[in-house]
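Student: Okay, here's the prediction I keep looking at, along with the sequence it came from:
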Amino acid sequence: METATTGTAITTTTTETTKAAVTKKRKSVFTKVDQLKPGTGGHTLTVKVVSSKTVLQNGRLVLQHLRHTRIAECLVGDETRAIIFTARNDQVDMIKLGATVILHKAKIDMFKGSMRLAVDKWGRVEVTKDANFVVKEQNNLLLVEYELVNVLEE
């Protein structure tokens with residue numbers, strides 16, 4: 001009987017500790033565009049949308065439902081630099097010209113040697129109040145080309 005009671009008490013304590021850990025959220029650390037590096041992720045940024053261009057919009061029948069795939073390439077940035085953000089599906093509606101958005105858990109994808117910013121299913125795009133900075137468009141990370149270098153061991 002004591003083992004069952006002790007086991008229950010441990011389970012209850014563990015569950016309460018787990019609930020406390022789940023409800024306590026980490027405060028986001030905001031990154032500037034000029035701090036982004038290839039192959040990194042988990043970034044939180046506040047950016048303004050400078051331009052947006054839809055590059056793919058189609059619908060196909062998948063499992064009796066019409067699934068639309070939309071992709072837009074958007075030039076976004078902050079007071080340090082600008083970068084191309086690839087918006088997908090519902091994100092396309094949020095990324096409007098002149099809007100200020102917070103990108104949570106954004107990652108850097110490499111495309112044709114240049115960095116692109118993206119938010120996948122683990123991240124979130126949030127429209128926020130207008131930020132008081134001017135985007136530095138002339139300092140665009142799209143213009144920086146990266147090359148994959150293989151280091152051979154001898």
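Tutor: Cool, the structure landed. Numbers count the residues shown, from 1 in each chain.

Student: alpha carbons only for contacts and neighbour counts from here, please
Tutor: Will do.

Student: Is T54 bridged to anything, and to what?
Tutor: A72 (DSSP bridges).

Student: which residues of the protein score low on pLDDT?
Tutor: 1-26, 57-67, 142, 150, 153-154 (pLDDT under 70).

Student: Check which helix or strand the residue nearest to the spatial centre of the chain maps to.
Tutor: By Cα atoms, centre = their mean, the chain has its centre lying nearest to A106, at 2.1 Å. In the assignment (DSSP states H and E), A106 maps to strand 100-111.

Student: In terms of secondary structure, what does the helix or strand following that strand contact?
Tutor: Downstream of strand 100-111, the next assigned helix or strand under DSSP H and E is strand 114-118. Secondary-structure packing of strand 114-118 (3 or more Cα pairs under 8 Å, 6 or more residues apart in numbering; DSSP states H and E): strand 82-88, strand 100-111.

Student: residues in contact with the closest residue to V55 other than its chain neighbours?
Tutor: Sequence neighbours aside, A72 is the residue nearest to V55 in space, at 5.3 Å (criterion: Cα to Cα, 6 or more residues apart in numbering). With contact set as Cα atoms under 8 Å, 6 or more residues apart in numbering, A72 has these partners: S52, K53, T54, V55, L56, T86, A87, R88, V92.

Student: one step back: what angle do the strand holding A106 and strand 82-88 make?
Tutor: 90 degrees (axes from the mean of the first three to the mean of the last three Cα atoms, to 10 degrees).

Student: Show me what strand 100-111 pairs with in its sheet, parallel or antiparallel.
Tutor: Next to strand 100-111 in the sheet, as set by DSSP bridges, lie strand 41-62 (antiparallel), strand 114-118 (antiparallel), strand 124-128 (antiparallel).

Student: which one of those strands is the most hemmed in?
Tutor: strand 114-118 (a mean of 22; mean count of other Cα atoms under 10 Å).

Student: can you pull the alpha-carbon coordinates of that one into PDB?
Tutor: Taking Å, rounded to 0.1, in the frame of the first residue of the first chain, the C-alpha atoms of strand 114-118 are listed here in PDB:
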ATOM      1  CA  SER A 114      22.000  33.300 -51.300                       C
ATOM      2  CA  MET A 115      20.100  33.300 -48.000                       C
ATOM      3  CA  ARG A 116      16.400  33.300 -47.800                       C
ATOM      4  CA  LEU A 117      14.300  33.700 -44.600                       C
ATOM      5  CA  ALA A 118      11.400  31.200 -44.000                       C
END
